[in-house]
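Asker: quick one: sequence and predicted model below, then my questions.
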Amino acid sequence: MLCLHGTPGMHDGEIGYYDYWLKHGFGVIAPSRGGFARTDSVQSFEEQADQCAMLLDKIGVKEVATVYGTSGGGPCAIHFAGRHP
């Protein structure tokens, strides 16, 4: 499961949600979106979605069961689903 945090926030901002999914058998990948935490620059939602796809490629994840975005992570999740089915 690809989990995308809200605004403002960073990768560990939704820990309670992640624990829920982990307890129910999902693996969780929760990167910080571009422009948050220690990332280099602010990015559009489309760029954030593409960065997530590149991260998944880099760590060898070929597909995710679902993408989950809260608050400001929602538009990135929508773009990810549309751009990287």
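Answerer: Done, it's in. Numbers count the residues shown, from 1 in each chain.

Asker: and the longest helix for this protein?
Answerer: Taking DSSP state H as the criterion, the chain has its longest helix at helix 45-58.

Asker: contacts only, for residue 26.
Answerer: Contact analysis of residue 26 by Cβ atoms under 8 Å, 6 or more residues apart in numbering lists 1, 65. In this view, the C-beta of every residue, glycine as well, is placed from N, C-alpha and C.

Asker: returning to that earlier point: and the next element down the chain from the longest helix of the chain?
Answerer: strand 67-69 (DSSP states H and E).

Asker: which residues touch the longest helix of the chain?
Answerer: 2, 4, 29, 31, 33-34, 43, 62, 64, 75-80, 82-84.

Asker: just the buried members of those?
Answerer: Using 16 or more other Cβ atoms under 10 Å as the burial test, those include 2, 4, 29, 31, 33-34, 43, 64, 75-77, 79-80, 84 as buried.

Asker: of those, which belong to strands?
Answerer: 2, 4 (DSSP state E).

Asker: restricted to helices, list the buried ones among the contacts of helix 45-58.
Answerer: Using DSSP H, the buried ones among the contacts of helix 45-58 in helices are 75, 76, 77, 79, 80.

Asker: tell me how far residue 83 lies from residue 25.
Answerer: 27 Å (Cβ to Cβ, to the nearest Å).

Asker: okay, now the unreliable bits of this structure?
Answerer: 12-14 (pLDDT under 70).

Asker: how about the buried ones among the contacts of helix 45-58, which pair is most distant?
Answerer: Taking Cβ to Cβ as the measure, the buried ones among the contacts of helix 45-58 span a maximum distance of 19.6 Å, between 43 and 64.

Asker: need the buried ones among the contacts of helix 45-58 in JSON lines (columns: distance to residue 20).
Answerer: What follows is the buried ones among the contacts of helix 45-58, written out as JSON lines (distance: Cβ to Cβ, whole Å):
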{"residue": "2", "distance to residue 20": "15"}
{"residue": "4", "distance to residue 20": "16"}
{"residue": "29", "distance to residue 20": "15"}
{"residue": "31", "distance to residue 20": "19"}
{"residue": "33", "distance to residue 20": "21"}
{"residue": "34", "distance to residue 20": "26"}
{"residue": "43", "distance to residue 20": "28"}
{"residue": "64", "distance to residue 20": "17"}
{"residue": "75", "distance to residue 20": "23"}
{"residue": "76", "distance to residue 20": "20"}
{"residue": "77", "distance to residue 20": "17"}
{"residue": "79", "distance to residue 20": "24"}
{"residue": "80", "distance to residue 20": "21"}
{"residue": "84", "distance to residue 20": "24"}
